[in-house]
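Novice: any chance you can model this:
(2 chains)
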Amino acid sequence: MKRCDMALGYLLSIFLILGAGHAQINIDSNEQFHEELVIRPLAGDHVNTYFQFTTRWHYGENESLFHTQLTPRVIAELLQQFDVKELHIGLTQGLWRYETWGYPVVETTGGAEMWAWFNGPNLTDQEVNRQWTQLANVFSGVLCASLNFVDQTNSIAPKYLLRPQFMSGGGDENQSKFIRYSSLPREIVCTENLTPWKKLLPCGSASGFASLLNSAYVHNTKFHSLGLTVRTLCEHPENCVLELTQTANLVYDLRLLEQSTGDFSLRRLFGMGLNGYCELAGSSQIYVQLNEQGQRYQLVPEPTKEIKTTRGGHTVIYGVYDMQKQFEGQGERLFNIAWVTPKGDRKQRLGGGQHQFLIPPPLNVHRYLLGQGQERGRIATELTNNHYEPLPILLQELIPWYVHAYLHTLRIRSRNLQRHEYTNSKKDLPFQVLHYAPGKQRELPTHLEIAFELPPNSAALITIEVDYLLLKWLEYPPDANHGHYIGSAILSTLLPIARNYTAIPIDGHLFEHSFNATRPSYVLSLHTEALIVSLPTPDFSMPYNVICLACTVVALAFGPIHSVATKLIIVERQSAAPKNFLKKIIFKLTKRKSNSQQQQQQTEEDKAIGGTETDIDPTDQRES
Amino acid sequence: MGLLSDPSLPTQNKFVVSLAKHVRKLCYAIYLLGVVWFCCLALPEFNHSTYLSENALSPGLVYPEIRIDAHRLAVQLLEELQRERQDHRSTTPHAWIAAKFRELGLETHIHNYTLRYPFGGGKEFHGKNVYGILRAPRIGSTEGVVFSAPYRAPSSVHVDLAPSVPLLMAFADFARRKNYWAKDLIFLVTEQEQLGMQAWLEAYHEGDRSDDGLSANKYLWAGNLPARAGSLQAALNIEVQDLSDIEYVDVKIEGLNGKLPNLDMFNLVQRIMAKEGLTSGYKQAHKQQLLKKRRRQSSSNYELNLQRMVTMLLSQSSGVPTGNHGLFHRYRIDALTITASKRQQSHHKSNSNSAAALLKAIEGIARSLNNLLERFHQSFFFYVIINNDRYISIGDYMPALMAMVASIFIKAYLTWSSLASAGKPTPYGSVMIYLTASLMIGYLGNVLPLQPYFLELPLSAAPLTTCTVASLTIIGIVMPFVVILPPGGLELLHIALLLIYGCSLIVIGLLNFALGFFVGLVTVPLIIALNPIEQQKTNPLSFITFLLNPLIVIYGIVLVMTFYQFPELSIQNILLRAASASMDASAFALIDSVIYGNWLYFAVCTAFLPLWIVTWSLALSKRRLIFRHIDEDMEDLDEIDGLLEEDAADQNKLKTN
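Specialist: Below is the predicted model:
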């Protein structure tokens, strides 16, 4: 009864507000939706545009979890079906270049990546495994991604690296938490992922910032990443907030735009101007970075407001456009922002994007594969610390089962940034933490986590030697000679300064919460490049098939031919063995006894025959 | 009775015995069969026309988008570079190249390497490669393609290739503005010819091994690269002599140790060049053809084909790459060099190809490589190019070598069976020791020149290497006079030689067909003719064997080459010049083997020199005729009746001979 009332209430309120026809629609204070767009010009003629759509749903214990307004139904069902408290999914194409672009707001790796925290009463490891695969299958359907390939062979349970960001509410501290992580580096992200991702938004792609995400333009970028994060924040089990954050992080290369002059605008980036804001949104803000690389542009129109934010000794100025104010009281139109180089500077700027002084971010990471041939190799991860203080480093490697890693070959060598060569073996950096779960062929991936301290102004080279496995012939994927992927390693550190750091603090949920959010340290996580290894691959050609077939025939023929060629055929006389079961046993027992006596007799007879190799049954002897 | 376990089958077959009487005729027949088969391969009925196996390449599917302004940019950059070159007579203008790469918007890095030249007390050379990476928008730096150009300083003795770098830059500028790249493009400018390329590749694939002691290369310190682009799929090395007037494009494919790029890669380049209207071909084939036609029309197609075949095999047999591309092959990266040659006579202006067409061709090749979903794996890795559109596959040319080897093995079998039936003594121990000794001599040839105490001598590489190898050869020559095998030893040694020789020919033929084939072609008749049972006082065989000593063969080859290159010199001069050149050649072979991993020197020392020593001792057939009585005394002491009897039989046979 109560539920009915509530629904009626909502409906009424919607009608009332629609009737009034005014901008601020406040459906229910329990559910909120915010859209944000951050645009930051980067070094080297690149532009980063970051979309964040945040839906927060405050639900009590009595509320029906099937009844949602802004939160998509599928997310609400998560809470019903699974013990998931936090879920991250990232679908990314390209690689974020830390040296020139700084650190992104959200971190993702190339391909598909997914991790989730499970927490609930009476959870067991098996149960979590089951839920994890199911969860992956659900989101495989929701996002049209190949997440259904996530299973035990490519999932691990990170021990140190990924920390929970959810609050399970008081009283269940003794409930154990479970985590699963998996990545699919081969996944290619495309329009088919963008469309269902946009459908999760309250306004869809019809209005609001999501209308800018046109696949033709989004997929022409140098880097694009779709993210989906769900977490629950519970003070008590009765008082919870479900937070859904959808992010789209794009990096445009201005030189790839048609008729590139270095200037750009919303229309040139996304193909059209902004047609308004999502009417269901609590706020629709565009933040434009004005200092650093943004300094070289003039904005048309000028931002309505400027915010100066200082975080960890690093100051950034953002110009703010409030869309709800921009579109106040006017008919249909398209809103556009243009970044124009002032005329005097143009000559300097053209082709000189790289010449500007670039401060590299404090920590940098690269990974590559060494060695030649298809038998063995070395995975090398190279970290660079440009900061003047030592940094604590936590590194997680997920090595798939078809690559055998040898822990005893794991080494961390370091060098000062002024030097070119790494130190010799006696001065290896020591591990502070080492967690190693060896892989198992066709069942488990190798999971490695190490922690160490990276000295100031130095680089570290982490190497581990691996063997490549020869797969069974049906285990090769299509295009076998393309090679197999090793997913990226994840690296985590605590930065003492926030230079190039833009991530949203854990206690906030909007981009504006990162303004002036100075903390003692900043958790930074970085992803390395994925690797392609070429495992020994047969040529799946006609001769190969012929060899396989011929070998099978030979193997089948070998047995009979061998036995014909080596065995002696003797016609056996009918044995005196009785048919009755009991008598059979007695017969066998007596036979064994008499066997030893007959042995002598037999050998004597053999001698008499002349030592020919005859295999005569003892029963024959007895009869004779 | 079981078929396999039946002991009653005779080991001595009548057929075998009758065959054994005609061993040599049979073996020569098989050998000739191989040679004839090889010659037949040049006939059009025995070779095939080329085709593209990898459909993903789809050459020429897209219209070239590169415009004439790219060519203008190249010309403009060349002018700038020429100004730079006036200040850098013998060095590379690294700063200019790096600045230009940065200006084009490439991620630019400089790679330093050091060569610790080991000979003559040791010297250090430093070098730098400049490379720019165009990060592809469609991939997370997991795969890459290399476009490289060698830089030669104005003081270099080689042909001027200055326009290569501007051309590379013009293409990079074009590529930077396109968003369809699905593989990172690396634009690499190397210096010091192949050394720079070797260092770069080693750094890319071996990384920093400064402390491991596992370093593959003690002499070339490649260091580490600051940035990489995943696994390299293919490479194109571009050499351009002129930007405005290109007569033809030479496609070079032979790599280190005779390795070749995938035939698909060659076909791709060939097709795209043809599409852009450039005259291109393998081995300046075009030029030779033209010259031939002008000289005499009579030479038939067959002759030309055979000639081209043999030229290709000859250039493969030395194992030295014909360009910078050759070093990629050992990392399983398919690579080739396109060399655009300047027009020599300028009167023929009508058919002028400027570098614009070459840029279009490079774009076409790059886009086809960009299409590749898998590494090159279809088509052939082992082939002989007969014409630009005809090839011989490994299945067709291998029988020629196999026939030669088969004749050796047949001889070994028949000799063994006749030996077994004659019931001669078989002193395995002393034969083993003899073989080991000759192998040791070969091994010393590999190791001695690189010993620290030899390296510290104030001797340059050429005399050091030649002295070592020559002294080892002299030991080999003297060995059969000093060490004389017991009776029956030579026969056994003969069989051992046949087996080892056959095996090493197969192995060498598999690794480098050309080398195996030529060695077989020259030496197989000699090995067939060897017969230690027949004792001859004046043995022509021993003279021929002496001529086939590796050192003398090298000298002979160099002598012929010198004669053709400098026909105007007097004979005395030519002989001297050839001597010094062959000393240099052996030193270069050693340096190649320690720096680049060319195994010609290794093969000569490990296989050919010991085999030659054994052949030499068999050709001499030194027996203990003089010391016969001592032998008999000793055997009397041993009082082994059987041995004595056999010895007597042996003597009888010798007398009848």
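
Novice: quick one, domains of chain B?
Specialist: B:14-40+B:395-623, B:92-293+B:320-374 (automatic domain parsing).

Novice: format the ones you listed as TSV; extra columns: mean pLDDT, distance to chain A and mean neighbour count.
Specialist: From N, CA and C alone the C-beta is placed, and that goes for glycine too. TSV is the format used below for the domains of chain B (pLDDT from 0 to 100; distance: least, Cβ to the nearest Cβ, whole Å; neighbours: other Cβ atoms under 10 Å in any protein chain shown):
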stretch	mean pLDDT	distance to chain A	mean neighbour count
domain B:14-40+B:395-623	85	10	18
domain B:92-293+B:320-374	86	4	21
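
Novice: out of those domains, flag the one nearest A:S140.
Specialist: domain B:92-293+B:320-374 (21.5 Å; Cβ to Cβ).

Novice: pull the distance from that closest one to the chain's centre.
Specialist: 20 Å (Cα atoms, centre = their mean, to the nearest Å).

Novice: pLDDT below threshold where in the stretch 351-500 of chain A?
Specialist: Scanning the stretch 351-500 of chain A for pLDDT under 70 picks out A:351-358, A:423-426.

Novice: try it again at 80.
Specialist: Counting by pLDDT under 80, the ranges of the stretch 351-500 of chain A that qualify are A:351-359, A:419-427, A:473.

Novice: what about the strands in it?
Specialist: Per DSSP state E, counting those that start in this stretch, the stretch 351-500 of chain A carries strands over the ranges A:363-370, A:376-385, A:391-399, A:403-416, A:433-437, A:446-454, A:458-468, A:484-486, A:490-495.

Novice: surely B:G122 meets B:R116?
Specialist: Yes. Between B:G122 and B:R116 there is a contact under Cβ atoms under 8 Å: 6.4 Å.

Novice: the strands of the stretch 351-500 of chain A: which one's closest to A:V38?
Specialist: Per Cβ to Cβ, nearest to A:V38 of the strands of the stretch 351-500 of chain A: strand A:490-495, 19.9 Å.

Novice: packing partners for the closest one?
Specialist: strand A:363-370, strand A:391-399, strand A:522-527 (3 or more Cβ pairs under 8 Å, 6 or more residues apart in numbering or on different chains; DSSP states H and E).

Novice: direction included, what does the helix or strand that the shortest one is followed by pair against?
Specialist: For strand A:522-527, the following helix or strand on the C-terminal side (DSSP states H and E) is strand A:531-533. Pairing partners of strand A:531-533, with direction, according to DSSP bridges: strand A:484-486 (antiparallel).

Novice: can you list the domain ranges for chain A.
Specialist: Looking at automatic domain parsing, the domains of chain A come to A:32-345, A:363-533, A:541-595.

Novice: measure the second one end to end?
Specialist: Looking back up the chat, that one is domain A:363-533. 26 Å (Cα to Cα, to the nearest Å).

Novice: rewinding a little: dump the domains of chain A to JSON lines, plus mean neighbour count.
Specialist: Shown next, in JSON lines, are the domains of chain A (neighbours: other Cβ atoms under 10 Å in any protein chain shown):
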{"stretch": "domain A:32-345", "mean neighbour count": "19"}
{"stretch": "domain A:363-533", "mean neighbour count": "18"}
{"stretch": "domain A:541-595", "mean neighbour count": "11"}
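
Novice: tell me which of those domains lies nearest to B:P480.
Specialist: domain A:363-533 (41.9 Å).

Novice: quick check, distance from that closest one to the centre of its chain.
Specialist: On Cα atoms, centre = their mean, the centre of domain A:363-533 falls 14 Å from that of its chain.

Novice: got it, and stretch B:460-471?
Specialist: Using Cα atoms, centre = their mean, the offset of stretch B:460-471 from its chain centre is 22 Å.

Novice: tell me where chain A has helices.
Specialist: A:2-20, A:73-81, A:98-101, A:125-143, A:191-199, A:215-218, A:266-270, A:323-326, A:346-349, A:542-566, A:581-609, A:618-623 (DSSP state H).

Novice: ok, A:P185 touching A:Y485?
Specialist: Yes. Assessed by Cβ under 8 Å, A:P185 is found in contact with A:Y485 at 4.1 Å.

Novice: what do the two both touch?
Specialist: Shared contacts of A:P185 and A:Y485 (Cβ atoms under 8 Å, 6 or more residues apart in numbering or on different chains): A:111, A:530.

Novice: chain B contacts on the stretch 401-550 of chain A?
Specialist: A:413, A:420-425, A:461, A:463, A:479-483, A:485, A:529-534, A:537, A:539, A:541 (Cβ under 8 Å from any Cβ of the partner chain).

Novice: would you format the domains of chain B as JSON lines with distance to A:T229 included?
Specialist: Formatted as JSON lines, the domains of chain B follow (distance: least, Cβ to Cβ, whole Å):
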{"stretch": "domain B:14-40+B:395-623", "distance to A:T229": "51"}
{"stretch": "domain B:92-293+B:320-374", "distance to A:T229": "21"}
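
Novice: for A:H435, which of the ones you listed is the nearest?
Specialist: Nearest of the domains of chain B (Cβ to Cβ): domain B:92-293+B:320-374, 25.6 Å.

Novice: B:D250: which of the domains of chain A is closest?
Specialist: domain A:363-533 (28.6 Å).
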